[in-house]
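*Asks:* from the sequence below, what's the structure:
(chains A and B)
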Amino acid sequence: MNQPKIIELNSMQPLLINPDRPIYLDYQATTPVDPLVLEQMLPFLTHDFGNAASRSHPYGWTAEKAVEKARQQVADAIHADPREIVWTSGATEATNLALKGAAHFYSGKGRHLITLRTEHKATLDTCRQLEREGFEVTYLEVQEDGLVDLQAFAAAIRPDTIMASVLYVNNEIGVVQPIEAIGKILRAHKVLFHVDAVQALGKIPVDVEAVQADMMSLSGHKIYGPKGIGALYVRRKPRVRVEAQVHGGGHERGMRSGTLPTHQIVGMGAAAELAVQSMESDARRIRQLRDRLLKGIQERVEETYINGNMEHRVPHNLNISFAFVEGESLIMALKEIAVSSGSACTSASLEPSYVLRALGKSDELAHSSIRFGIGRYTTEEEIDATIELIAAKVDKLRELSPLWEMHQEGIDLNSIQWAAH
Amino acid sequence: MAYSEKVIDHYENPRNVGAMDKDDSGVGTGMVGAPACGDVMRLQIRVNGQGIIEDAKFKTYGCGSAIASSSLVTEWVKGKTLDEAMTIKNSQIAEELELPPVKIHCSVLAEDAIKAAVEDYRKKQGDAPVAVQPEMAGAQAVH
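*Replies:* I've put the predicted structure just below:
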């Protein structure tokens, strides 16, 4: 494809790391599109604009070829067959299709599902909807380190259990669930296994055969691809059936109708290939940065608590609670850094992070948590600047905090009768 | 959260941060809120012989608008009599700081902190009647 370059891609790099903007440490929220990915997407917005469903002319054939190449790229990234990949608008839709689609199809076999309390809202809210439709859902507790207990998992399986859904890598605390062991248990009980691998792809090896997944949700924008595109893996052998949730046109073998967004799909395919290629080098570099950040914070700030298991965890995530300061005010103080918090005040619901609460963390520590997401473009200078800022701002807020003063005086905060409001 | 400039100003340059001796008979201390709810305010006032609040200090654990609300009330109560301070309403605080609806509870907490500090001071005077000034006796009666 010898298209004239619409923009000079090299000029984008400085836009990603711009000294006038906050340091971006929210890579679990989203990632920028890699310039190499964008380059492959652009022709499909202009020159190669055909509809992949147009079988009668070259415009359609070009689009279809690009879509199928991307399907192969995504399939390769998770060791699947391209015929097992269904394009969706994103991982939320993929998870909706997996859970509702399979629950509806297999409702004659049983009406019970299993998931974890620490799942992404795409799973939890879909499960709530299934409950309204008459399905029963077990929301398993996790251990203090965020990992599920395998015995508890096995014990939750009932004769009428049709499906379980587990988040491979948690988006808030980065812990990696024992997916392979869970897959083994579920296969032995002939229970369908949906894996939300959105935060796993590109960070750890993902293999649908190794983990015996029947369905797997994937997203483009967490792997340096575009937003608005995702995919659902649906196993062919043994065949897994899902009922379509979007009708009209019969695209994607009837599982998901709608004209395929060629440029988005090309972007996700390219991003998936790149993610697997650069996984090892990315992870090595990111781990060094994460260790540097953790060490720096622990050396400079006392009374910090790491949320989630540190061993079974992707290096791309660090979630820390800073006791005696409130997360939203800390984020306000850290306006030179783009991070997110488990604080209630940063959420619309005014509830502190349900993930941290599921770990048994006190509300107070959940309010005080910051998620650092490190990614492909994070630099050592950014990490060092972050450590300096954290140390200075936590100090400042603790000087303002009556709780810190009481802690310094040796008063046990739990001994005080607080008036709830 | 898009805060008003006033909130950001109070948050970045909080007024009257600090502590007073809570056992001092001329000091009233009000601590309201709870760590589990994400905000705890401590407001302290020093009342002179004329029943006028001559100094105020605060410390707050909480979000930006909680810090700003408490910083603002330390400015507002200074120079007021206890009765005047008691008339400060959360709606005035919310209006001054242009708090978004979801942050109104921060202003409620600041109003509660004033009331708690004044009550603490008055209680102390009641416990130690010798120290009560004639004007204060009047205030007690109102209370």
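
*Asks:* show me where the stretch 251-400 of chain A dips below the pLDDT cut-off.
*Replies:* Applying pLDDT under 70 to the stretch 251-400 of chain A flags residues A:343-350.

*Asks:* which residues in it form strands?
*Replies:* A:304-306, A:317-322, A:337-338, A:340-341, A:369-373 (DSSP state E, counting those that start in this stretch).

*Asks:* chain B is nearest to which of the ones you listed?
*Replies:* strand A:340-341 (10.2 Å; Cβ to the nearest Cβ). (Each C-beta comes from the backbone N, C-alpha and C, glycine too.)

*Asks:* ok, back up a step: the strands of the stretch 251-400 of chain A into CSV, with extra columns for distance to chain B and mean neighbour count?
*Replies:* Below are the strands of the stretch 251-400 of chain A laid out as CSV (distance: least, Cβ to the nearest Cβ, whole Å; neighbours: other Cβ atoms under 10 Å in any protein chain shown):
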stretch, distance to chain B, mean neighbour count
strand A:304-306, 14, 16
strand A:317-322, 11, 24
strand A:337-338, 14, 18
strand A:340-341, 10, 24
strand A:369-373, 12, 26
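
*Asks:* quick one: closest of these to B:His10.
*Replies:* Closest to B:His10 of the strands of the stretch 251-400 of chain A, according to Cβ to Cβ: strand A:340-341, at 20.5 Å.

*Asks:* just list what that closest one packs against, helices and strands only.
*Replies:* The criterion is 3 or more Cβ pairs under 8 Å, 6 or more residues apart in numbering or on different chains; DSSP states H and E, and the helices and strands that strand A:340-341 contacts are helix A:327-333, strand A:369-373.

*Asks:* helix/strand/coil for A:Gly202?
*Replies:* Classification of A:Gly202 using DSSP: H, G, I helix; E, B strand; the rest coil returns coil.

*Asks:* pretty sure it is touching A:Val276, no?
*Replies:* Yes. Counting by Cβ atoms under 8 Å, A:Gly202 does reach A:Val276; the two are 6.9 Å apart.

*Asks:* show me what the residue in chain B positioned nearest to chain A bridges to in the sheet.
*Replies:* Going by Cβ to the nearest Cβ, chain A is nearest to B:Ala34 of chain B, at 3.5 Å. On the basis of DSSP bridges, B:Ala34 is bridged to B:Asp39.

*Asks:* report how many residues lie close to the residue nearest to B:Asn16 when sequence neighbours are not counted.
*Replies:* Excluding the flanking residues, the one nearest B:Asn16 by Cβ to Cβ, 6 or more residues apart in numbering or on different chains is B:Thr74, at 3.9 Å. Using other Cβ atoms under 10 Å in any protein chain shown, B:Thr74 has 25 neighbouring residues.

*Asks:* the strand or helix carrying B:Thr74: which residues count as buried?
*Replies:* B:Thr74 belongs to helix B:64-77 when assigned by DSSP states H and E. By 16 or more other Cβ atoms under 10 Å in any protein chain shown, the buried positions in helix B:64-77 come out as B:64-74, B:76-77.

*Asks:* ok, now which ones touch the most centrally placed residue in chain B?
*Replies:* For chain B, the residue nearest the mean C-alpha position is B:Ile114 (3.4 Å; Cα atoms, centre = their mean). By Cβ atoms under 8 Å, 6 or more residues apart in numbering or on different chains, the contact set of B:Ile114 is B:30, B:43, B:73, B:77, B:85-86, B:88.

*Asks:* could you dump these to CSV with distance to A:Pro32 and pLDDT?
*Replies:* Below are those laid out as CSV (distance: Cβ to Cβ, whole Å; pLDDT from 0 to 100):
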residue, distance to A:Pro32, pLDDT
B:Gly30, 48, 96
B:Leu43, 45, 97
B:Val73, 43, 96
B:Val77, 49, 96
B:Ala85, 52, 96
B:Met86, 54, 96
B:Ile88, 48, 96
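
*Asks:* which ones among those residues lie within strands?
*Replies:* Secondary structure from DSSP state E places B:30, B:43 of the contacts of B:Ile114 in strands.

*Asks:* report how many residues lie close to residue 43.
*Replies:* With no chain named, the answer covers chain A. Neighbours of A:Pro43 using other Cβ under 10 Å come to 20.

*Asks:* chain B is the one I meant
*Replies:* 30.

*Asks:* so in terms of bridging, what pairs with it?
*Replies:* If you apply DSSP bridges, the partners that B:Leu43 bridges to are B:Gly30, B:Phe58.

*Asks:* with adjacent residues omitted, what lies nearest to A:Asp149?
*Replies:* Nearest-residue entry for A:Asp149: A:Gln143, 5.8 Å, with adjacent residues in sequence omitted and distances by Cβ to Cβ, 6+ apart.
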